[in-house]
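> Got a predicted structure plus its sequence, pasted below:
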Amino acid sequence: MHNICKTLIIMFLLIIAFAGSSSAANITKIDNLINNMEQFDGKVVNIEGEAIGEAMNRGRYSWINVNDGTNAIGIWLESSDAAKITSFGDYKHIGDTVRISGVFSKNSLKHSGEVEIACSSLTIVQKGHFEKEQLTHIKIFSATLLFCLALMFSYIYARAIQKNKSNN
Amino acid sequence: MVIPLLTALILREWNPLLDFLISISISVTTGILLIFCGWETHENKTKVEGKHGFIIAAISWLVLMFLCSIPYVLSGHVQSVLDACFDVMSGFTTTGLVLTQDLDHLSVSLNMWRHLLTFVGGQGVVVLALSFMLKNLGGAYKLYVGEAKDVELVPNVLGTARIIWKISIVYMIIGTTALWLCGIYIGLSPLSAFFHGLFIFESAWSTGGFAPNAQNIMYYHSFSYEIITIILMMLGSLNFGLHYAIWQGNKKELIKNIETQSFFITSFIACAFAVVRLSQLGIYTDAVSIFRRVVYNVLSAHTTTGFSNIYSQQFISDWGDFGILIIIIAMLIGGSACSTAGGFKGLRVGIVFKGLIADIKKLLSSERSIKIYKYHHIKDFILTDNLVKTSALIIICYVLLFAINTALGAFLGYPLASAAFEAASVTGNVGLSIGITSTSMPTILKVQYIIAMYLGRLEFMAVFALFGYIIGGIKTLCTTSVKHSS
């Protein structure tokens, strides 16, 4: 019984390890796609990255842009899929991390030469969130100090102008 | 900096708000200190001569480069002060090359700052100062000319500077509205469409090439958006004198002007060659694709805007050597003189070409016959040898700078075609990149590109005057110290 349990645990761990590595190996970096367009043209690829900006709805389908840190690419997907993304990356937000599977085109005939991925499946890997700004005390202190200094110089300048006018 | 500061306040971007407050404070303090340094000029005790105009324009751009880089440095989106200076110079000179990192997470206020820089740079920093600040300064014309602007729309140079800004503001309202509506149509939210519209207008009109997202024009995936930007960048590359003439009802000027003739001929030839070559290569198969991917990028290069709707790698993988050559030539020729565009300008190309034709005609005609050759640019001008020589000299300076930049790029290990492409882009203040411009490129190349953008924008003379002034000062200093020691 003890041996069976051991074997099952090892098998379970092996399955998890291989499943993880095989899915990671399938992910292609966007820069790799761009640098090897001929190789990937017309093939199904998987990318993973942050949804940025916003979804641009074009009726039944939408455009989104995904950036994986190496580069960004346009994704053509069904609007219902685009609606699954709740957070897009910008100054105040970290966008949802999405995994996109679809056909890569280096010169899409449908979209007059776009480099794109026509999405067949979208998975939200990690939810994005609102990013709260961190203000440091040094920055607040420096801004106040320098602003006071600028006011002081402006006052001296105004006095000099006034003095100059009264002399003339 | 007040506009981005207010943007930060309205959009509650607190870190950028403090960044701009710090930057404004440092700029005001520095400005007042500089005013005190030049107090005699302020009181009109010193007469501003032509050389001073050139030197003031050249120094203004350098001082502003450092001051304007402060918000970039404080934002944390640049890796070094040099990178920040590079981006500011790229903005001011309407080049559009970018070293700022993670553009997709940039605050709206910093984006406002980037695009304002390129908008102001397009019309001219000195022109802005003349329009709004200096009212009674002697030698204003010298300052104006120092910034490579020489068109006189009205007899008064301050009036000319104001007209330049009026033209730009009217186009800004029309252009931003068009892009805003188009943005909503293509699926952007109204507020976002407004900011995208404003930023893209500022870049297109100033032939700058900055965009709020890393993908540049590719971000929008829209033909209509691209069409509007084509119209705006072509308008931006035309001479302010031409805009003013058309506004005054002189519509024939558009056809008669040597510069528009030169621009449309060279644009047509460049587009035709690129289209034929890329069609032969079988890269793009349908007419719309060819227009969007080939004509768009050639026009972007020719107007020295630098917007792109293809990846930089595609220039290498798809366009081939001939395609790259076409883009290089288009980038070097550039737009019109006294416009927001860079390059050695259509006017000079037209003058040199006409001068060449005139010389051939002179050779073939009788020695006794004297014929006067003219060209039309707002009004008729006589084509003198001196004018042809001056135009040719500036073109030679551009070509030399391009050669130096190419040689340096090749020396640092980049392929010759790539080095030449990037060199033409910085020399002509274009902003298209083949992939060399990045944070990892050698420091010496960054510095050289900053110098090239600066030289190209001020059309050499102002910078040469500054170098002459510095060398003259050092000579005097040496002579004085030698005299004292003996």
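On my side now, so go ahead.
> Who are the packing partners of the host helix or strand of B:Thr177?
B:Thr177 is part of helix B:157-185, with elements assigned from DSSP states H and E. For helix B:157-185, the elements it packs on are helix B:108-123, helix B:125-132, helix B:140-146, helix B:190-205, helix B:223-236, helix B:240-247, judged by 3 or more Cβ pairs under 8 Å, 6 or more residues apart in numbering or on different chains; DSSP states H and E. For every residue, glycine as well, the C-beta is placed using N, CA and C.
> gap between the fourth one and the chain center?
Same thing as helix B:190-205. 19 Å (Cα atoms, centre = their mean, to the nearest Å).
> and it with helix B:223-236, angle?
40 degrees (axes from the mean of the first three to the mean of the last three Cα atoms, to 10 degrees).
> could you dump helix B:190-205 to CSV, C-alpha only?
What follows is helix B:190-205, C-alpha atoms only, in CSV (Å, rounded to 0.1, in the frame of the first residue of the first chain):
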residue,chain,number,x,y,z
PRO,B,190,-14.4,59.3,-26.1
LEU,B,191,-11.9,60.6,-23.6
SER,B,192,-9.2,58.3,-24.8
ALA,B,193,-10.0,59.1,-28.4
PHE,B,194,-9.6,62.8,-27.6
PHE,B,195,-6.1,62.4,-26.1
HIS,B,196,-5.0,60.0,-28.9
GLY,B,197,-6.4,62.5,-31.4
LEU,B,198,-4.6,65.4,-29.8
PHE,B,199,-1.3,63.6,-29.5
ILE,B,200,-1.3,62.1,-33.0
PHE,B,201,-2.3,65.5,-34.5
GLU,B,202,0.6,67.2,-32.7
SER,B,203,3.0,64.5,-34.0
ALA,B,204,1.6,64.5,-37.5
TRP,B,205,1.4,68.2,-38.0
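> And it, what does it pack against?
So helix B:190-205, by 3+ Cβ pairs under 8 Å, 6+ apart, packs with helix B:108-123, helix B:157-185, helix B:223-236.
> buried sites along it?
Within helix B:190-205, the residues that qualify as buried by neighbour count (16 or more other Cβ atoms under 10 Å in any protein chain shown) are B:192-205.
> So what does the residue lying closest to B:Asp318 once chain neighbours are set aside have for phi and psi?
Distance criterion Cβ to Cβ, 6 or more residues apart in numbering or on different chains; nearest residue to B:Asp318, sequence neighbours excluded, is B:Ile283 at 4.8 Å. Here is the backbone geometry of B:Ile283 (degrees, to the nearest 10): phi -70, psi -50.
> now do B:Gly209
phi 100, psi 0.
> And the pLDDT for it?
In this model, B:Gly209 is scored at 88, pLDDT.
> what about it, how many neighbours?
31 (other Cβ atoms under 10 Å in any protein chain shown).
> list the contacts for it?
B:94-97, B:118, B:203, B:216, B:300, B:305-308, B:430-432 (Cβ atoms under 8 Å, 6 or more residues apart in numbering or on different chains).
> what does B:His377 give?
B:239, B:241, B:257-259, B:347.
> how about JSON lines for the helices and strands packed on helix B:157-185, with mean pLDDT added?
JSON lines is the format used below for the helices and strands packed on helix B:157-185 (pLDDT from 0 to 100):
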{"stretch": "helix B:108-123", "mean pLDDT": "91"}
{"stretch": "helix B:125-132", "mean pLDDT": "62"}
{"stretch": "helix B:140-146", "mean pLDDT": "55"}
{"stretch": "helix B:190-205", "mean pLDDT": "95"}
{"stretch": "helix B:223-236", "mean pLDDT": "94"}
{"stretch": "helix B:240-247", "mean pLDDT": "85"}
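> Determine which stretch of those is the most buried.
Greatest average neighbour count among the helices and strands packed on helix B:157-185 goes to helix B:108-123 (a mean of 25), per mean count of other Cβ atoms under 10 Å in any protein chain shown.
> that older thread, so the residue nearest to B:Asp318 sits right up against A:Asn107, yeah?
Yes - taking Cβ atoms under 8 Å as the definition, B:Ile283 is a contact partner of A:Asn107 at 6.8 Å.
> Go through the longest strand seen in chain A and flag the buried ones.
Ranked by residue count and defined by DSSP state E, the top strand of chain A is strand A:44-58. For strand A:44-58, a neighbour-count test (16+ other Cβ under 10 Å) marks A:45-56, A:58 as buried.
> pLDDT (mean, whole number) over it?
94.
> same thing with stretch A:73-89?
Stretch A:73-89 comes out at a mean pLDDT of 94.
> For that stretch, list every residue counted as buried.
Neighbour count says stretch A:73-89 has A:73-77, A:81-82, A:85, A:87-89 buried, by 16+ other Cβ under 10 Å.
> Which pair of those spans the longest distance?
For those, the maximum inter-member distance is 20.5 Å, found between A:Trp76 and A:Ser87 (Cβ to Cβ).
> tell me the contacts of A:Glu116?
A:73-76, A:104-105, A:108, B:221.
> circling back: what's the farthest-apart pair in the contacts of B:His377?
Once Cβ to Cβ is applied, the contacts of B:His377 give B:Gly241 and B:Ile258 as the farthest pair, at 11.8 Å.
> Using the three-state scheme, assign B:Phe344.
When classified by DSSP: H, G, I helix; E, B strand; the rest coil, B:Phe344 comes out as coil.
> can I assume it is in contact with B:Leu332?
Yes - the pair B:Phe344 / B:Leu332 is scored as a contact, 6.4 Å apart, by Cβ under 8 Å.
> Any regions of chain B where pLDDT drops low?
For chain B, applying pLDDT under 70 flags the ranges B:41-53, B:125-157, B:462-463, B:465-466, B:485-486.
> Sketch out the strands for it, chain order is fine.
Using DSSP E, strands in chain B cover B:374-377, B:379-382.
> What count of nearby residues applies to whatever residue of the stretch 351-486 of chain B ends up closest to chain A?
Relative to chain A, the nearest point of the stretch 351-486 of chain B is B:Gly435 (9.7 Å; Cβ to the nearest Cβ). Residues near B:Gly435, counting by other Cβ under 10 Å, number 16.
> Extract the C-alpha trace of stretch B:366-385 and format it as CSV.
The C-alpha trace of stretch B:366-385 is given here as CSV (Å, rounded to 0.1, in the frame of the first residue of the first chain):
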residue,chain,number,x,y,z
SER,B,366,25.0,81.4,-77.8
GLU,B,367,27.6,83.2,-75.6
ARG,B,368,26.0,86.5,-76.6
SER,B,369,22.6,85.7,-75.3
ILE,B,370,21.9,86.6,-71.7
LYS,B,371,18.9,84.9,-70.2
ILE,B,372,17.6,85.4,-66.7
TYR,B,373,16.3,82.3,-65.0
LYS,B,374,13.6,82.5,-62.4
TYR,B,375,11.8,80.3,-59.9
HIS,B,376,8.5,80.8,-58.1
HIS,B,377,8.3,80.5,-54.3
ILE,B,378,5.4,82.7,-53.0
LYS,B,379,6.7,85.3,-55.5
ASP,B,380,9.1,85.2,-58.4
PHE,B,381,12.8,85.1,-57.6
ILE,B,382,15.8,85.3,-59.9
LEU,B,383,17.9,82.2,-59.9
THR,B,384,21.4,83.5,-59.0
ASP,B,385,24.6,81.5,-58.9
